[in-house]
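Novice: sequence first, predicted model second:
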Amino acid sequence: MNPLDFDWRLIRSFLAALDHRSLLGAARALGSTQPTLGRHIAELESQLGVVLFERTGRGLLPTEIAHRLAEPARAMEGGALQLGRSVSGAQQAVSGSVRITASATVACFVMPAVLAQMRLALPDIQIDLVASNAVSNLLRREADIALRMVPPDQASLIAKRIGKVTLGAYAHRDYLRRRGTPKQLADLVNHELIGHDRDEAMLRGFAQFGFPVEREAFAFRTDDLVAYWEAVRAGLGIGFVADYLARTDNRLVALLPMLKIPPLPIWLTVHREIRTSPRIRAVYDFLADAVPRAI
């Protein structure tokens, strides 16, 4: 395929079909017709030389290549929208309120600095920040934009993986002077550990590393991530926290480098209103760039 001959207008139809999983739904979303959408998808498949959707009795089933093309296609769509806003002068009219929800630690320790930068770039935007570990339902207008460690399960939301949060084992240097420094994973059984209360993710993690433990193995337990972080900083024991948090306190010591804790992906999720709301698009674009650098 010659890139110069590529019909970029077909991307809009492709994304609508991907989001709605049917030609009829995509046509309704774009104010078009089902035959027109069908021709667009067939033409795009012909130009690319791939099959993008399997046609089934229940609708359209995206192929693996369709999923791989989704992110660059959305980037193209975003570029086209940004170009349109620049031409129309809409960028100068970006104002109003945007409601953002993020986990407690991200809201408390990442977002303030990010929002201070945003204030300089988007001075007419007001931000409502909701610190919550619950997965807010954007469809019910609980927030405009969400920063989460899991992608949404609603097909009508736009989610972009913008980075990852790496984690490690840390302890206050005063605790280590008092109790010694663990050299291998097995040494943890002789230490005071900081764990979760009802969340069993940490118990499963220990089991996966070959050290099954019960909740009683943790001297201090809490599901509040801010309280957890402060417990590590206070020297209550050895905890497992995000590296971006640990870097903010030089009294903490990184432990057990052989312990490879799987990183947590961070997803930026937004309403499809982003396509028509300059203020939400502006905040979304800013966060997509600034948050990965902050963590």
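Specialist: Everything's here; your move.

Novice: residue boundaries of the helices in the stretch 151-295 of the chain?
Specialist: Secondary structure of the stretch 151-295 of the chain (DSSP state H, counting those that start in this stretch): helices located at 173-179, 201-208, 225-234, 243-246, 278-294.

Novice: any idea of the mean pLDDT in the longest one?
Specialist: It refers to helix 278-294. The predicted model assigns helix 278-294 a mean pLDDT of 90.

Novice: other SSEs contacting it?
Specialist: helix 64-88, strand 96-102, helix 111-121, strand 125-131, strand 145-148, strand 158-165, strand 264-270 (3 or more Cβ pairs under 8 Å, 6 or more residues apart in numbering; DSSP states H and E). All C-beta atoms are positioned from the backbone trio N, CA, C, and that covers glycine.

Novice: now render the helices of the stretch 151-295 of the chain as a markdown table, adding mean neighbour count and distance to Val114.
Specialist: Listed next are those as a markdown table, based on neighbours: other Cβ atoms under 10 Å; distance: least, Cβ to Cβ, whole Å:
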| stretch | mean neighbour count | distance to Val114 |
| --- | --- | --- |
| helix 173-179 | 14 | 29 |
| helix 201-208 | 14 | 26 |
| helix 225-234 | 18 | 17 |
| helix 243-246 | 19 | 12 |
| helix 278-294 | 19 | 5 |
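
Novice: please identify the deepest-packed of the helices and strands packed on helix 278-294.
Specialist: Across the helices and strands packed on helix 278-294, averaging neighbours per residue (mean count of other Cβ atoms under 10 Å) puts strand 145-148 on top, at a mean of 22.

Novice: could you list the low-pLDDT ranges of this structure?
Specialist: 1-8, 80-93, 134-141, 154-156, 273, 275 (pLDDT under 70).

Novice: next SSE after the helix or strand hosting His40?
Specialist: Assigned by DSSP states H and E, His40 belongs to helix 34-48. Remark: after helix 34-48, the chain's next helix or strand is strand 53-56, criterion DSSP H and E.

Novice: given that following strand, what are its sheet partners and their directions?
Specialist: strand 59-62 (antiparallel) (DSSP bridges).

Novice: what distance do you get for Gly180 to Asn190?
Specialist: 8 Å (Cβ to Cβ, to the nearest Å).

Novice: want to throw the helices of the stretch 151-295 of the chain into JSON lines with distance to Pro112?
Specialist: Supplementary listing: the helices of the stretch 151-295 of the chain in JSON lines, determined by distance: least, Cβ to Cβ, whole Å:
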{"stretch": "helix 173-179", "distance to Pro112": "27"}
{"stretch": "helix 201-208", "distance to Pro112": "26"}
{"stretch": "helix 225-234", "distance to Pro112": "13"}
{"stretch": "helix 243-246", "distance to Pro112": "13"}
{"stretch": "helix 278-294", "distance to Pro112": "10"}
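
Novice: out of those helices, flag the one nearest Ala16.
Specialist: helix 278-294 (17.9 Å; Cβ to Cβ).

Novice: got the contact list for the residue in the chain sticking out farthest from the centre?
Specialist: Relative to the centre of the chain, the most outlying C-alpha is that of Arg178, 38.6 Å out, by Cα atoms, centre = their mean. Neighbouring residues of Arg178 by Cβ atoms under 8 Å, 6 or more residues apart in numbering: Gly235.

Novice: give me the neighbour count for the nearest residue to Ile280 once chain neighbours are set aside.
Specialist: What sits nearest to Ile280 in space, not counting adjacent residues and going by Cβ to Cβ, 6 or more residues apart in numbering, is Ile274, at 5.0 Å. Ile274 has 21 neighbours, counted by other Cβ atoms under 10 Å.

Novice: can you give me the domain boundaries for the protein?
Specialist: 3-79, 94-165+264-294, 167-255 (automatic domain parsing).
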